[in-house]
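Chemist: Got a predicted structure here, sequence first:
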Amino acid sequence: MKVILQVITLLVIFLIPFASWQPVSAEEQTEKVEQKEEFDYKSAEFKGVASQFKCTCGCGQDHYECDPSTCNLTTEWKADFVEMMNKGMDKDEIRKYYVDIYGEEILTAPEKKGFSLTAWVTPFVVLAGAGSGVFFVIRRWVRRKNDNDTPTLMDENLTTDETENEILQSMIDEERKKFF
């Protein structure tokens, strides 16, 4: 019963982050298009768009963090992002546009569906399973060792007590002989 409870607890811990994910409804998308703001490089929406794509210059950063003074590619990408956002495209449409052109390799984080999700979650599930397995094996070894050691410890304690009693009894006998 404890094992089942532990397995359920582990599953809940690993599934909680995915429980809060919700798809965007069509109404929310149309509201965003109708609002039509002017976006710039400092807006929070721009950061959300630019930070989801890796820079292709080799710096290893996303386009929001890449330094435009040393990378001409990121300035072009940023200008494209702002232009698309000002035309009314949202974050997901821009993402889909670039994934269709460059593939998923351009993304800083994998898609949350299909094989990409499986490829990212599986190592953590395997590590959790292996950790649980090691825990239970070590616990079993410790229990076996304790079961095997308990009788020998009791025997040693008994022999130690008997030896001490014999020594004490002999000392008492010697003292009695002195006075009687």
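Modeler: Everything's here; your move. Residues are numbered from 1 along each chain as shown.
Chemist: Show me which parts of the host helix or strand of K78 are buried, residue by residue.
Modeler: According to DSSP states H and E, K78 maps onto helix 72-86. By neighbour count on 16 or more other C-beta atoms under 10 Å, the buried set for helix 72-86 is 74, 77-78, 81-82, 84-85. Just so you know, the C-beta spots here come from the backbone N, C-alpha and C atoms, and that holds for glycine as well.
Chemist: Which elements pack onto that helix?
Modeler: Judged by 3 or more C-beta pairs under 8 Å, 6 or more residues apart in numbering; DSSP states H and E, the packing partners of helix 72-86 are helix 44-50, helix 91-102.
Chemist: pLDDT averaged over the shortest one - what is it?
Modeler: When pLDDT is averaged along helix 44-50, the result is 80.
Chemist: quick check, distance from the helix or strand harbouring I138 to the centre of its chain.
Modeler: Using DSSP H and E, I138 maps to helix 114-179. Relative to its chain's centre, helix 114-179 lies at 33 Å (C-alpha atoms, centre = their mean, to the nearest Å).
Chemist: Could you give the average pLDDT over that helix?
Modeler: 82.
Chemist: give me the number of residues near R139?
Modeler: Other residues within reach of R139, judged by other C-beta atoms under 10 Å, total 10.
Chemist: again but with H63, I slipped
Modeler: Neighbours of H63 under the rule other C-beta under 10 Å: 28.
Chemist: Pull up the gap between the nearest residue to it once chain neighbours are set aside and V125, please.
Modeler: Excluding the flanking residues, the one nearest H63 by C-beta to C-beta, 6 or more residues apart in numbering is A50, at 4.3 Å. According to C-beta to C-beta, to the nearest Å, A50 stands 32 Å off from V125.
Chemist: more neighbours, the two?
Modeler: In terms of neighbours (other C-beta under 10 Å), A50 is the more surrounded of A50 and V125; the figures are 23 against 13.
Chemist: How much space separates the more buried one from M171?
Modeler: A50 is 89 Å from M171, by C-beta to C-beta.
Chemist: try K78
Modeler: 94 Å.
Chemist: And T122, by the same measure?
Modeler: Using C-beta to C-beta, one gets 71 Å for the distance from T122 to M171.
Chemist: Before I go, just wanted to say thanks for your time.
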